[in-house]
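Novice: okay, sequence plus prediction incoming.
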Amino acid sequence: MPTVADVAKAAGVSTATVSRVLSGSAKVSEQTQQLVMKAVEATGYALSTRARNSSQLSQMVAVIAPLHIPELETAIAEEAMAQNLGAVFLLNRMVSDINGYLGGLLRLMSKQLLGVITVDDIFWNSGLASDLLDVYPVVHVLGEMTAAKGCSVGCDDMQIGYDATAHLLSLGCRRIAAVSTTNNRVAAQNRVRGYQLALLDHRIIPAFSQDIRISMEDDTEKSRVMQMAELLAAAGELDALFCVNDAFAADAILALRQLNRRVPEDVMVMGVDNSADATRSQPQISTVMQDFRTIGNEAVRMLVDLAAGRITGDRRTLVPHRLLLRQSTGENIGL
């Protein structure tokens, strides 16, 4: 049976480098990742989850995520353990050949793999969706599945956008802009649709509607803040911002500071996710909290039922969200 040493020799790298690639480490170049995966294919190496897991769990759940959400990951791992399953997290893989890279890793685990949980929309937009659905039981969390079939667990993103905007309207704000992204993530699009619907229901459209879109091609805080400052300056007099995530909300506060606009006195700011960005920011950011623990638990349970044939057809489970109101909207509730 081929070993890690055989793969390393075929790829011309160290065994430590092979281990880093197979564990999903971000500290390996894309070129090296591709070399290792080609060597895996050539040698016929198969990943032994038993060798890597002292608990000797018989089956694994693979979790594919482009972002790190500690509470969600903990919930998935704990529920997997309760179901006598292991969990492997493949995080922050932004390589251009994402289908080939992840497909190779999943093939390594194929004999032990119960199914796959995908997080966010990026992998569905990459085209990986149809390949996964044809081979493995799949449950998607956070964001809409753009494939024609499947099972998912998450919050109602359109309702999130609606509720956040409706709260800003209840505080007397009328010139509210939405801050979103230029990419095609469905969750962000639906949050903006909810924002637009709330304005329409309050007869604000067409009197005022702004959708400020930030490019993610140079995804650094400095780049985003510079973009946002330019766009906010061009937008004119705003009294509130609905941002599709907390990172954008934190950037918006920095951009407004550059424009000598105070938060919340001049402009109120609302985010989504209740991430660390919301509590690190000054002032702290009012946000919409998604119950990541419940989402993670439900995703594993749904995957187990799907793999066992207890679920046939599509299924979507919605988990309630709630507002956490803090200083960025002039409040200090729900800390």
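Specialist: It's in.
Novice: nearest residue to the middle of the chain?
Specialist: For the chain, Asp120 is the residue whose C-alpha lies nearest the centre (CA atoms, centre = their mean; 3.9 Å).
Novice: and the pLDDT at it?
Specialist: Asp120 is assigned a predicted lDDT (pLDDT) of 77.
Novice: please apply the same query to Cys243.
Specialist: The model's pLDDT for Cys243 equals 95.
Novice: and if you look at Arg262?
Specialist: Looking at Arg262, its pLDDT reads 96.
Novice: next: Glu331.
Specialist: At Glu331, pLDDT is 83.
Novice: what's the closest residue to it other than its chain neighbours sitting at in phi/psi?
Specialist: Using CB to CB, 6 or more residues apart in numbering and skipping the chain neighbours, the partner closest in space to Glu331 is Leu325 (4.0 Å). Every C-beta, even on glycine, is put in place using the N, C-alpha and C of the backbone. Main-chain torsions, Leu325, degrees, to the nearest 10: phi -100, psi 120.
Novice: and if you look at Thr32?
Specialist: When read as degrees, to the nearest 10, the backbone of Thr32 gives phi -70, psi -40.
Novice: I'd say it and Val13 touch.
Specialist: Yes: assessed by CB atoms under 8 Å, Thr32 is found in contact with Val13 at 6.4 Å.
Novice: just to revisit the earlier point, what's the neighbour count on the residue nearest to Glu331?
Specialist: 18 (other CB atoms under 10 Å).
Novice: that one against Asn332, yeah?
Specialist: Yes: contact criterion CB under 8 Å: Leu325 and Asn332 qualify, at 7.4 Å.
Novice: so how far is Val304 from Ala82?
Specialist: In this view, Ala82 and Val304 are 10 Å apart by CB to CB, to the nearest Å.
Novice: higher neighbour count, the two?
Specialist: Val304 (22 against 11).
Novice: in a helix, that's where that one is, yeah?
Specialist: Yes: under DSSP: H, G, I helix; E, B strand; the rest coil, Val304 falls within a helix.
Novice: ok, now which ones touch the residue lying closest to it once chain neighbours are set aside?
Specialist: Among residues not flanking Val304 along the chain, Gln83 sits closest, at 5.5 Å (CB to CB, 6+ apart). Listed by CB atoms under 8 Å, 6 or more residues apart in numbering, the contact set of Gln83 reads Val300, Arg301, Val304.
Novice: can you confirm Ala177 is in a strand?
Specialist: Yes: counting by three-state DSSP, Ala177 is part of a strand.
Novice: shouldn't it be in contact with Ala234?
Specialist: No: shown here, Ala177 and Ala234 do not form a contact pair, counting by CB under 8 Å, at 10.7 Å.
Novice: give me the more crowded residue out of those two.
Specialist: Between Ala177 and Ala234, Ala177 has the larger neighbour count (other CB under 10 Å), namely 23 against 9.
Novice: dig out what that one forms beta bridges with.
Specialist: With DSSP bridges applied, Ala177 shows beta-bridge pairing to Gln210, Leu241.
Novice: show the pLDDT at it.
Specialist: pLDDT for Ala177: 92.
Novice: from Thr15, how far out is it?
Specialist: 52 Å.
Novice: hey, where'd the strands end up in the stretch 201-335 of the chain?
Specialist: Using DSSP state E, counting those that start in this stretch, the strands found in the stretch 201-335 of the chain span residues 210-214, 240-243, 268-270, 287-290, 315-318, 321-324.
Novice: pretty sure Ser180 sits against Val192.
Specialist: Yes: in this structure, Ser180 is within contact of Val192 by CB under 8 Å, at 5.1 Å.
Novice: which residues touch the closest residue to Glu265 other than its chain neighbours?
Specialist: If the residues on either side of it in the chain are set aside, Glu265 comes closest to Gly330, at 8.0 Å by CB to CB, 6+ apart. Each residue near Gly330 by CB under 8 Å, 6+ apart is listed here: Leu171, Pro264, Glu265, Met268.
Novice: Ser328 is in contact with the first one, correct?
Specialist: No: contact between Leu171 and Ser328 fails when scored by CB under 8 Å: they sit 11.3 Å apart.
Novice: any buried residues in the host helix or strand of Ala8, and which?
Specialist: Using DSSP states H and E, Ala8 sits within helix 4-11. Going by neighbour count (16 or more other CB atoms under 10 Å), the buried part of helix 4-11 is Val4, Asp6, Val7, Ala8, Ala10, Ala11.
Novice: what about the third one, distance to Gly86?
Specialist: Counting by CB to CB, the separation of Val7 from Gly86 is 22 Å.
Novice: equivalent analysis for the fourth one, please.
Specialist: Counting by CB to CB, the gap from Ala8 to Gly86 is 24 Å.
Novice: show me the beta-bridge partners of the nearest residue in space to Val119 that is not next to it in sequence.
Specialist: Excluding the flanking residues, the one nearest Val119 by CB to CB, 6+ apart is Ala65, at 3.7 Å. Counting by DSSP bridges, Ala65 is bridged to Leu91.
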